[in-house]
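Chemist: Generate coordinates for the sequence data below:
(2 chains)
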There are 2 protein chains.
Amino acid sequence: MLNSIVEAEKNFRDLLKEQNAYKESIMLTAWDMRTKIPRKSVEQRSEVVGFLSEKLHQLETSEKMRYFIDVLKEHSTDETIRKTVEECKEKYERNRKIPADEYKEYVMLQSKSESIWQEAREKNDFSMFQPYLEKLVDFNQKFANYWGYDDHIYDALLDNFEPGITVNKLDQVFPDLRKSLTELLDRISLSAVKPDPSVLEGHFPKQDQEAFSLAILKKMGYDFASGRLDETVHPFAIALNQNDVRVTTRYDESDFRSAVFGTIHEGGHALYEQNISEKLANTPLSDGTSMGIHESQSLFWENFVGRTESFWNSHYDLFKSYAPKGFAKVPLERFYRAVNEVKPSFIRIEADELTYPLHIMIRYELEKGLISGDIKVGDLPGLWNEKMQEYLGITPPTNSEGVLQDIHWAGGDFGYFPSYALGYMYAAQFNHTLKKEINVDQQIASGDFAPIREWLSKNIHQYGKMKKPLEIVKDVTNEDLNPQYLVNYLTEKYTRIYEL
Amino acid sequence: MLNSIVEAEKNFRDLLKEQNAYKESIMLTAWDMRTKIPRKSVEQRSEVVGFLSEKLHQLETSEKMRYFIDVLKEHSTDETIRKTVEECKEKYERNRKIPADEYKEYVMLQSKSESIWQEAREKNDFSMFQPYLEKLVDFNQKFANYWGYDDHIYDALLDNFEPGITVNKLDQVFPDLRKSLTELLDRISLSAVKPDPSVLEGHFPKQDQEAFSLAILKKMGYDFASGRLDETVHPFAIALNQNDVRVTTRYDESDFRSAVFGTIHEGGHALYEQNISEKLANTPLSDGTSMGIHESQSLFWENFVGRTESFWNSHYDLFKSYAPKGFAKVPLERFYRAVNEVKPSFIRIEADELTYPLHIMIRYELEKGLISGDIKVGDLPGLWNEKMQEYLGITPPTNSEGVLQDIHWAGGDFGYFPSYALGYMYAAQFNHTLKKEINVDQQIASGDFAPIREWLSKNIHQYGKMKKPLEIVKDVTNEDLNPQYLVNYLTEKYTRIYEL
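Modeler: Take a look at the predicted model:
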């Protein structure tokens, strides 16, 4: 028996390695398609990705996989193997529940919808996109029913991105969070203090922004022997494997914030992937445990490090050495306030720290309604604008700046958006714990981020998918998800900035 | 019967598409490994390439493939299919002769050796590379014996790159060519005319060299919607598919020639791949027919276009608009002579047109000896230097500038080098024919390369692998390989430059 288990473990690892080879090729292709690919090759390359994905899917749902799951779930004494088996079992069961022909049709619909969405956004024409979105919603409702759920159909989708999180939980957390944030927003709007973002203006050449981005990544401890920085339209971080975690950013020569904060954000994602324990290499556990925990890492670095006064105290001179000459005349205090201006705006990815979660809640409520059937796709543009007015006090002038702005729904990713707000709450909660152990402000002010990065790696990164998201939150902070830390953080920060 | 043939053809095409998906992934990975990959990921990525190559190899040698070959060879009436079947049959038979596990080991060795070679070259440490090279030679000897040969073991390897060419043929051509070239070289060394390469000096920033390289590629008719230019250590062109043909070059800020002529050279390769008939897409015929014919295209553009007086007549102003200011004072005549200076040098890819074939002959003799067993890997650095002294009258000061300079052996490509000299001879022969049909000098002087490119596409590019190399030479020039055209071309050119 023992011998046959050892052999099954070995063969199981070989199967995982095969899966990984496909995954790595798919990831490399994805990176290339978003950064380097020549235009005319996109269609052909999509077919290649389709082919590789099908091969991967076949392995993940193979009889061989079923066999290893059955044998090793019962008999393996290796903890990594057991956790890996759990992970594979979930994937196996989720995938087997969807009929192969429906899955294929859905994959084709996704790819088609993404390009239609892109055109619809450019042309500001929601009606072009509507029939596709309707089909995507239908598929997601069907899939949710295949997968099953206890309370709310949307839970089945949430589970794809943030296992353990339910509608019930979100509906406990979001209303209070919203109340606190809008109250703070109201107080800010009444403040006599008005940060002046015009001090941030000036032509900032791409190569200088790139040089500064590289310098900051280096200081964060991002390992360039295991990664690289490239340019893209929509910034992302992608892990081909633990030793190849690539970061991309976007350079707007008239607004450096997009590149600087984008790079720090993606760098935070990358540090997570680069610091997962080597023991998990070549298993599906060598990955962030959830979208929310991933986002907690990117937002931690972007906001809790990169947008702090301490950070700019220690990095403003470095920044000025790359920045246009005009910045020499901008005092640190004015600069710091300007990069932290709070102002309701239409585009989620450009939102400030305070209004950002409100953007997320709007999306959450709309997609919950779409999936439950309470909201019709045709009513989305109107509802979007109503909610923008209600939550943020502004109405997008066009659908391109409203309901059409994000790619997620076009890719069929319903249940993803809440992760952004969850990640933000996790980050604030982690930060609260971290501050009890390390003098974070002093550390950031010293410009030596190593102790912070090491704390994150020790408590979060190294585990990969060995721990579920809420298990990590509990283990690190000794309590369950608690949105109060985010509220406290934002209140404290903006009370100082806006002298409330 | 007819119905079943049509169905077999369809299924055969599906199999080719699968093969192509693997090939395209392998090519993308190869490009990435030579241009973008983070250092620490090289080893893991090599395993991925090994896995994908194994899968491809399995398809190429599958029973299914055997079946299609048998059925369609006899019964298909579609010429593309029949040629494709021939191609697949050759590959099937060659590959079936190599045991699968040996092949896999070899592919991983290749990939690993390339990165070790890179490091060895940087560190000028042949001993680092030696054990890898020994294994590569062993494998190639074994493979050559598996494949079989009539006269010389090296013929089995030559056949991989230049079908139809043998040791016997090379040993007929090379000695005469060497004699003519060294005689011309002797006459040049006695000439009172001395081009002054110091006029080419000056710090030429990378980004300006890149901008000029891009401008020249554009003028050559390279399609940027189907390709891109990147930086690398050892320039290459690579076709992921017909609509994704990437070019790389190397920037030496103290010597622009490396980037400019390197880019034109690789651009010549790329034009070949971009202009293969679309009818051959997704078949193994959508590829250059041999390394020699490929090289005839790159060398044609590099030498017969890019190094001509007509070219610089029409492009010197453009060049000066990107070049350091000092060039404003350099008259065209001095510039033209300087870029055509003949001077024995260490690095093949930087060699002038006249000494270039001598570099090739040295490599040919060494690798022929390695494969036959007459030469040991450990003796290579010494033999290399001796031959450099004998053929070119100079001895490289380091192995990095000697035996370690080229990537080919690190990739296991024995039998490849002769293609460079063959390609050069083909190019001269094509050029002779082309000149009878088009006023080439006038066309180059006008800066409109379209008629030249179209002639090459019509006579060579479009066929892909539909024609064998010597078949193309015969069809285009109406005679067999004739080295005299190269000798005539060089004699005429240098007689003028050196006023012999």
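
Chemist: Residue A:257 touches residue A:197, doesn't it?
Modeler: No - with contacts counted by CB atoms under 8 Å, residue A:257 stays clear of residue A:197, the gap being 9.1 Å. In this view, the C-beta of every residue, glycine as well, is placed from N, C-alpha and C.

Chemist: Quick check: buried residues in stretch A:466-480?
Modeler: The neighbour-count criterion (16 or more other CB atoms under 10 Å in any protein chain shown) identifies A:466, A:467, A:468, A:469, A:470, A:472, A:473, A:476, A:477 as the buried residues of stretch A:466-480.

Chemist: Out of the residues you listed, which sit inside strands?
Modeler: Using DSSP state E to define strands, no part of the buried residues of stretch A:466-480 is located there.

Chemist: which one of these sits closest to chain B?
Modeler: Chain B has its nearest neighbour among the buried residues of stretch A:466-480 in residue A:466, at 20.5 Å by CB to the nearest CB.

Chemist: Nearest the middle, which residue of chain A would you pick?
Modeler: Residue closest to the average C-alpha location in chain A (CA atoms, centre = their mean): residue A:295, at 4.4 Å.

Chemist: Surely that one is in contact with residue A:416?
Modeler: No - Residue A:295 lies out of contact with residue A:416 (CB under 8 Å); the separation is 10.2 Å.

Chemist: With chain B as the reference, measure out to residue A:48.
Modeler: Distance, residue A:48 to chain B, by CB to the nearest CB, to the nearest Å: 5 Å.

Chemist: excluding its backbone neighbours, what's nearest that residue?
Modeler: Nearest-residue entry for residue A:48: residue B:21, 4.7 Å, with adjacent residues in sequence omitted and distances by CB to CB, 6 or more residues apart in numbering or on different chains.

Chemist: residues in contact with that neighbour?
Modeler: Counting by CB atoms under 8 Å, 6 or more residues apart in numbering or on different chains, residue B:21 touches A:47, A:48, A:51, A:52.

Chemist: Tell me, how many residues neighbour the second one?
Modeler: Residues lying near residue A:48 (other CB atoms under 10 Å in any protein chain shown) number 23.

Chemist: hang on, it in a helix?
Modeler: Yes - secondary structure assignment (DSSP: H, G, I helix; E, B strand; the rest coil) places residue A:48 inside a helix.

Chemist: in the helix or strand of chain A with the lowest mean pLDDT, what's buried?
Modeler: In chain A, no helix or strand scores lower on mean pLDDT, DSSP states H and E than helix A:100-123, which sits at a mean of 90. Of all the residues in helix A:100-123, those buried under the rule 16+ other CB under 10 Å are A:103, A:106, A:107, A:109, A:110, A:113, A:116, A:117, A:120, A:121.

Chemist: For residue A:156, see how far away residue A:150 is.
Modeler: 9 Å (CB to CB, to the nearest Å).

Chemist: Also residue A:474?
Modeler: Taking CB to CB, one finds residue A:474 at 24 Å from residue A:156.

Chemist: Counting neighbours, what do you get for the nearest residue to residue A:426 once chain neighbours are set aside?
Modeler: Closest residue to residue A:426 in three dimensions, ignoring its sequence neighbours and counting by CB to CB, 6+ apart: residue A:296, at 3.7 Å. By the criterion of other CB under 10 Å, residue A:296 has 30 neighbours.

Chemist: Show the subsequent helix or strand relative to the helix or strand residue A:296 falls within.
Modeler: Applying DSSP states H and E as the criterion places residue A:296 in helix A:291-299. Beyond helix A:291-299 in the direction of the C-terminus, DSSP H and E gives the next helix or strand as helix A:309-322.

Chemist: Run through the residues of chain A sitting next to chain B.
Modeler: A:17-18, A:20-21, A:24-25, A:28-29, A:32, A:36-41, A:44-45, A:47-48, A:51-52, A:223-228, A:240-241, A:243-244, A:246, A:281 (CB under 8 Å from any CB of the partner chain).

Chemist: what about burial for those residues, which qualify?
Modeler: Burial of the residues of chain A next to chain B was assessed by neighbour count (16+ other CB under 10 Å); the buried members are A:18, A:20-21, A:24-25, A:28-29, A:32, A:36-38, A:40-41, A:44-45, A:48, A:51-52, A:223, A:226-228, A:240-241, A:243-244, A:246, A:281.

Chemist: Can you give me the neighbour number for residue A:254?
Modeler: One way to gauge burial is a neighbour count; for residue A:254, by other CB under 10 Å, it gives 10.

Chemist: same thing with the one 5 residues further on?
Modeler: As a burial measure, residue A:259 scores 23 neighbours (other CB under 10 Å).

Chemist: Identify each buried residue in the one helix or strand it maps to, please.
Modeler: Under DSSP H and E, the secondary-structure element containing residue A:259 is helix A:257-274. The neighbour-count check on helix A:257-274 (16+ other CB under 10 Å) flags A:258-274 as buried.

Chemist: same question for that helix, mean pLDDT?
Modeler: Averaging the model's pLDDT scores along helix A:257-274 yields 97.

Chemist: Check stretch A:308-321 too.
Modeler: Stretch A:308-321 comes out at a mean pLDDT of 97.

Chemist: How about stretch A:340-349?
Modeler: Stretch A:340-349 shows an average pLDDT of 96 in the prediction.

Chemist: Next, the distance between the ends of it.
Modeler: 15 Å (CA to CA, to the nearest Å).

Chemist: Can you list the buried residues in that stretch?
Modeler: Buried residues in stretch A:340-349, counted by 16+ other CB under 10 Å: A:340, A:342, A:343, A:344, A:345, A:346, A:348.

Chemist: Out of these, which is nearest to chain B?
Modeler: Checking these against chain B with CB to the nearest CB, the nearest one is residue A:348 at 30.2 Å.

Chemist: For the closest one, give me its contacts.
Modeler: Under the criterion of CB under 8 Å, 6+ apart, the contact list for residue A:348 reads A:356, A:359, A:360, A:363, A:405, A:406.

Chemist: could I get those as a markdown table with pLDDT, secondary structure and neighbour count?
Modeler: What follows is the contacts of residue A:348, written out as a markdown table (pLDDT from 0 to 100; DSSP: H, G, I helix; E, B strand; the rest coil; neighbours: other CB atoms under 10 Å in any protein chain shown):
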| residue | pLDDT | secondary structure | neighbour count |
| --- | --- | --- | --- |
| A:356 | 98 | helix | 19 |
| A:359 | 98 | helix | 26 |
| A:360 | 98 | helix | 21 |
| A:363 | 98 | helix | 22 |
| A:405 | 96 | coil | 19 |
| A:406 | 95 | coil | 18 |
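
Chemist: The residue in the stretch 101-250 of chain A that chain B sits nearest to pairs with what?
Modeler: Evaluated by CB to the nearest CB, the stretch 101-250 of chain A has residue A:244 as its residue closest to chain B, separated by 3.5 Å. Residue A:244 has these beta-bridge partners by DSSP bridges: residue A:241.

Chemist: That one contacts residue B:44, doesn't it?
Modeler: Yes - applying CB under 8 Å as the test, residue A:244 and residue B:44 come out as touching, 7.4 Å apart.

Chemist: thinking again about what came up before, which residues touch the helix holding residue A:296?
Modeler: By CB under 8 Å, 6+ apart, the list of residues contacting helix A:291-299 from outside reads A:161-162, A:165, A:237, A:265-269, A:271-272, A:288, A:416, A:418-420, A:422-424, A:426-427, A:430, A:456, A:460-461, A:469, A:472.

Chemist: could you dump it to CSV, C-alpha only?
Modeler: Below are the C-alpha coordinates for helix A:291-299, written out as CSV (Å, rounded to 0.1, in the frame of the first residue of the first chain):
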residue,chain,number,x,y,z
MET,A,291,-8.5,37.7,-5.7
GLY,A,292,-9.3,39.5,-2.5
ILE,A,293,-6.1,38.5,-0.7
HIS,A,294,-4.2,39.4,-3.9
GLU,A,295,-5.8,42.8,-4.0
SER,A,296,-4.9,43.3,-0.3
GLN,A,297,-1.3,43.0,-1.3
SER,A,298,-1.4,45.4,-4.2
LEU,A,299,-3.5,47.9,-2.3
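
Chemist: Let me know the pLDDT of the nearest residue to residue A:167 once chain neighbours are set aside.
Modeler: Taking CB to CB, 6+ apart as the measure, residue A:167 lies nearest to residue A:152, with 4.0 Å between them; neighbours along the chain are not counted. At residue A:152 the predicted local confidence, pLDDT, stands at 98.
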